[in-house]
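*Asks:* coordinates for the following, if possible.
(chains A and B)
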There are 2 protein chains.
Amino acid sequence: MDCSLFQSSAHVSGTLRGVGVGPGDVELLTLKAVRVLRTVPVVAYPAPLEGICLARQIAESVLNHNPCRIEIAIRMRFDADRISAQAAYDRGASAIATHLAAGRDVAVLCEGDPLFFGSFSYIVERLGYRFPVEVVPGVNSVTACSAVLQHPFALRDDRAAIIPAQLSEAKIEDLLRKVDSAALIKVGRHFAKVVGVLDRLDLLKRAWHIERAGQQGQRVNSLASMVGGAESKTYFSMILVHRREKMWR
Amino acid sequence: MDCSLFQSSAHVSGTLRGVGVGPGDVELLTLKAVRVLRTVPVVAYPAPLEGICLARQIAESVLNHNPCRIEIAIRMRFDADRISAQAAYDRGASAIATHLAAGRDVAVLCEGDPLFFGSFSYIVERLGYRFPVEVVPGVNSVTACSAVLQHPFALRDDRAAIIPAQLSEAKIEDLLRKVDSAALIKVGRHFAKVVGVLDRLDLLKRAWHIERAGQQGQRVNSLASMVGGAESKTYFSMILVHRREKMWR
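*Replies:* Alright, predicted model coming up:
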């Protein structure tokens, strides 16, 4: 759609909507996400310079009314240059702001949940003080990986943590010692470091590596079985570790 | 429906399905949850001795084909007697097993997500070794409360924790010192204790109390504004705390 065709006489701003589209399976969209995506005049999403945008791929079957599209060109690899990413979000936010100021709602598509390590944060920190905001929560990756594993992420009085794998070994170990279960996210090239920490804490046998939960190519492996093998390089991977033994099987 | 009317010649077991129905808003059901709930022959849910079952209430509009129902009578109050709860899950699991053995699928309804502090864990630990299991993940309460607050639960390399408020002051404080953000769950009668810990850590001004996210009666308050007032007694409440300042407003 040629976005310049829009005519707006509205004096009311559009609403910035962060829409969580879940972890990969189209069926894990919420009814609310579907309703918003079916009608919103403008959608924005990260457009990685390498590979496809998973959030867009999940939403595509619902976006059948040909909305105006804003692609935010982001380098998604682990070696992302933060400065260029910030510049990309600046440009994306500026394009989004033009629509909002003209009274058109904009849905920003987010894998998983918009505010759970989601890139929507980078948009809303730039525009949240100027425009109305609505967040449509989604099924996040920790929950989705736990479903695949069929093991409780936490129950009763368990302490649980979400730990980005790019942190230092010391910080990861320090936090793992304090909790009953953890999700180590963004593992990728930090695989060997994380395995080392879990081994020191004698938690390797309680850890699972999940790739592409609910997507094509889904894989689940005990972490112990992967040690010494080819390292994970998949962006969409997570390690779940529980002091509590799997209750069955 | 009179469940005894079922005739089954199947030699294949039914599947035990843990279905996350989200935090309260019917629109936060996933498409997958709706598909399962529309067709499943048997549903099971906790039936609190006091008050209503939120999971059932959320699912009710979808369960319009009159499935067979198994009510698991649970005392949901904070002073729950664990022994009687375990006996109730024993009885519930036994009723569910009868249907599964006869080849009928059973959906166990869970507020939020089935494996994120969900009662599905107590059913699956009893039946998971005997029957096929499928988990339908749902939008969990941390994600839903963050959406209401419009503040990222975590981003970049933040360390995040989920901390049940029934833990000791020392354990809560110890873990809070290690993380950038936290969700304190099941606050209820532990309100004063949690406030005390957050005050000692100078985090009161960064903490928010959210009740009934996405449900009727939703309330959001800065925790600082609640100190000295009437204590929260609501089961469906959570405190979110972030070292990172709110980015806007």
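
*Asks:* quick one, domains of chain A?
*Replies:* Following automatic domain parsing, one gets these domains for chain A: A:3-139, A:142-242.

*Asks:* out of these, which is closest to residue B:28?
*Replies:* Nearest to residue B:28, of all those, is domain A:3-139, at 5.0 Å by Cβ to Cβ. The C-beta positions use only the backbone N, C-alpha and C, and glycine is treated the same way.

*Asks:* residue contacts, residue A:145?
*Replies:* Residues in contact with residue A:145 (Cβ atoms under 8 Å, 6 or more residues apart in numbering or on different chains) are A:23, A:183, A:210, A:213, A:238, A:240.

*Asks:* residues contacting whichever helix or strand the second one is part of, please?
*Replies:* Residue A:183 is part of strand A:181-185 when elements are defined by DSSP states H and E. Applying Cβ under 8 Å, 6+ apart, the external contacts of strand A:181-185 come out as A:117, A:141-142, A:145, A:153-154, A:158-165, A:172, A:175-176, A:194, A:238-244.

*Asks:* select only the buried ones of these in ChimeraX?
*Replies:* Buried residues within the contacts of strand A:181-185, by 16 or more other Cβ atoms under 10 Å in any protein chain shown, are selected in ChimeraX with:
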select /A:117,141,142,145,153,154,158,159,160,161,162,163,164,165,172,175,176,194,238,239,240,241,242
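
*Asks:* taking the contacts of strand A:181-185 one by one, which sit in helices?
*Replies:* A:141-142, A:145, A:172, A:175-176, A:194 (DSSP state H).

*Asks:* could I get the residues you listed as CSV with pLDDT and distance to residue A:108?
*Replies:* Shown next, in CSV, are these (pLDDT from 0 to 100; distance: Cβ to Cβ, whole Å):
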residue, pLDDT, distance to residue A:108
A:141, 94, 18
A:142, 96, 21
A:145, 96, 24
A:172, 98, 30
A:175, 98, 30
A:176, 98, 33
A:194, 95, 30
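
*Asks:* out of these, which is nearest to chain B?
*Replies:* Nearest to chain B out of these is residue A:175 (Cβ to the nearest Cβ; 5.2 Å).

*Asks:* the longest helix belonging to chain A: how far from the chain's middle?
*Replies:* Secondary structure of chain A per DSSP H: the longest helix is helix A:82-101. Distance, stretch centre to chain centre, for helix A:82-101: 19 Å (Cα atoms, centre = their mean, to the nearest Å).

*Asks:* pLDDT below threshold where in chain A?
*Replies:* Residue ranges of chain A with pLDDT under 70: A:1-11, A:75-83, A:230-236, A:246-249.

*Asks:* what's stretch A:63-74 in contact with?
*Replies:* Contact with stretch A:63-74 is made by A:1, A:3, A:6, A:37-49, A:80, A:85, A:88-89, A:91-92, A:95-96, A:99, A:104, A:106, A:119, as judged by Cβ under 8 Å, 6+ apart.

*Asks:* sorry, back to before: hmm, the longest helix of chain A in reach of chain B?
*Replies:* No: contact of helix A:82-101 with chain B is not found when judged by Cβ under 8 Å from any Cβ of the partner chain; the minimum separation is 9.0 Å.

*Asks:* got the buried residues for that helix?
*Replies:* Within helix A:82-101, the residues scored as buried using 16+ other Cβ under 10 Å are A:85, A:88-89, A:92-93, A:95-97, A:99-100.

*Asks:* cool, stretch A:52-67 as well?
*Replies:* A:53-59, A:62-63, A:67.

*Asks:* what segments of chain A are helices?
*Replies:* Along chain A, counting by DSSP H, helices occupy A:31-39, A:54-59, A:82-101, A:120-127, A:141-149, A:169-176, A:191-200, A:223-226.

*Asks:* against which helices or strands is the last one packed?
*Replies:* To tie it back to what came earlier, the one meant is helix A:223-226. If contacts are counted by 3 or more Cβ pairs under 8 Å, 6 or more residues apart in numbering or on different chains; DSSP states H and E, helix A:223-226 sits against helix A:191-200, strand A:207-211.

*Asks:* go through the ones you listed and pick out the most buried.
*Replies:* When the helices and strands packed on helix A:223-226 are scored by mean count of other Cβ atoms under 10 Å in any protein chain shown, the highest mean neighbour count falls to strand A:207-211 (a mean of 23).
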